[in-house]
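1. my questions concern the predicted model and sequence given below.
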Amino acid sequence: MDETTRPCVLVLRALGLGDLLTAVPALRALRRALPGHEVVLAAPGRLADAAAATGLADRLLPASAPGRGVPAELAWDGPAPAVAVDLHGNGPPSHLLLQRLRPGRLFAYAHPATPAVAGPPWRPDEHERERWCRLLDWYGIPADPQDLFIPPPTEVSPAPGAVVVHPGADAAARRWPPERFAAVAGALHRSGHEVVVTAGAGEGPLARHVAAEAGLAPEAVQGGAGDVPFGRLAALVAGARCVVVGDTGLAHLATALGTPSVVLFGPVAPRLWGPPARPRHRVLWHPGGDASPRPGDAHGPLPDERLLRITVEEVVEAVRTLPEPGLGTRAGRPLVPEGSW
């Protein structure tokens, strides 16, 4: 059966890299439950290489909208999908977008404004991986939120064993101050570790500033004019000693590749978007008196107050005690000798 005659599963997830990677358990469940179907992922075109790297989508249908909005339309020109799956949200815009394609079945969360969608109730305080697995479970497709890894990249790392520092985020509220990232990078560099600073499209000035303040060579910066090509980025993260990052896509890439990480949280609780509770991942979050799931504005114009409570000393100590890559629950040697920063 060729691709023109196979039934199709269309999955809407027109968001960012982290969103794609948190959907890996759900995508794997769909692939496992519907092996004879072509899986088409509706997502931004810039994620084509990342989607291919998961091994869980047969092709990508370019789709995007400003911010985290729902695309106005999908450039769908084939037969109606056998199944359409809304992994984008829970509101009428995404429901109606998929309903216009007249799929045989629509998997989506229930909403009072689209009563024809008979799905499970939405829970606002649920971890993103668990949310989409629960959706599929409701429709009879078993899904495991811990089934989150992607295959190791085939490309060779440009800096094997380096510590990867990623100071960027798509909103200032989730962006730790650059001078603090620089202080962490400088401490790691002075203790003898190679440090690479990564930058997404448009983040070049930020990354170069962090590298310079940390005493790193200009060549330590990867990306900036555009995104680091996904193959190279995945190889860099997979081969890294660890990743130091805010609540952004690179944190999820470290999780998906099993790379040790220190992840800094601010306006959104790690119980909604954080890595699994495993020794190789360290989560830093100081909610103060408000431990609600979303105590701040994730898209605010200034660094969130909870993020600012995280100190350079905390991050260096968290990095110092990370296990070696691949050691699982074993302690591993310290990354930074105690007292060296």
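-> Thanks, I have it.
2. hey, let's count contacts and neighbours off CA atoms from now on
-> Fine.
3. now do stretch 119-137: distance to the chain's middle.
-> 17 Å (Cα atoms, centre = their mean, to the nearest Å).
4. list the buried residues for that stretch?
-> Applying a neighbour-count criterion of 16 or more other Cα atoms under 10 Å, one finds 119-120, 122, 127-136 buried in stretch 119-137.
5. again with stretch 134-147
-> So for stretch 134-147, counting by 16+ other Cα under 10 Å, buried means R134, L135, L136, W138, I141, P142, A143, D144, P145.
6. so which two of the residues you listed are the farthest from each other?
-> Farthest pair in these (Cα to Cα) is W138 and P145. Separation: 14.2 Å.
7. so V244 makes contact with V164?
-> Yes: V244 is in contact with V164 according to Cα atoms under 8 Å; the separation is 6.2 Å.
8. between these two, what contacts are shared?
-> Counting by Cα atoms under 8 Å, 6 or more residues apart in numbering, V244 and V164 have no contacts in common.
9. out of the buried residues of stretch 119-137, the closest to P260 would be?
-> Of all the buried residues of stretch 119-137, P260 sits closest to R129, with 19.1 Å by Cα to Cα.
10. need the longest helix for the protein.
-> helix 178-190 (DSSP state H).
11. what about that helix, distance to the chain center?
-> 23 Å.
12. repeat for stretch 16-24
-> 5 Å.
13. how is this protein divided into domains?
-> 8-138, 163-320 (automatic domain parsing).
14. ok, which stretches of the protein are strands?
-> Taking DSSP state E, the strands of the chain run over residues 8-12, 38-43, 59-62, 83-86, 105-107, 163-166, 195-199, 221-223, 242-246, 261-264, 281-284.
15. reformat those as a markdown table; add distance to R28, mean pLDDT and mean neighbour count.
-> Output for the strands of the chain, formatted as a markdown table (distance: least, Cα to Cα, whole Å; pLDDT from 0 to 100; neighbours: other Cα atoms under 10 Å):
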| stretch | distance to R28 | mean pLDDT | mean neighbour count |
| --- | --- | --- | --- |
| strand 8-12 | 12 | 98 | 26 |
| strand 38-43 | 10 | 98 | 24 |
| strand 59-62 | 15 | 98 | 18 |
| strand 83-86 | 13 | 98 | 23 |
| strand 105-107 | 15 | 98 | 20 |
| strand 163-166 | 28 | 98 | 27 |
| strand 195-199 | 29 | 98 | 27 |
| strand 221-223 | 30 | 97 | 22 |
| strand 242-246 | 25 | 98 | 27 |
| strand 261-264 | 24 | 98 | 27 |
| strand 281-284 | 23 | 98 | 22 |
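16. hmm, back to that, tell me what angle the longest helix of the chain forms with strand 242-246.
-> Relative orientation of helix 178-190 and strand 242-246, computed by axes from the mean of the first three to the mean of the last three Cα atoms, to 10 degrees: 170 degrees.
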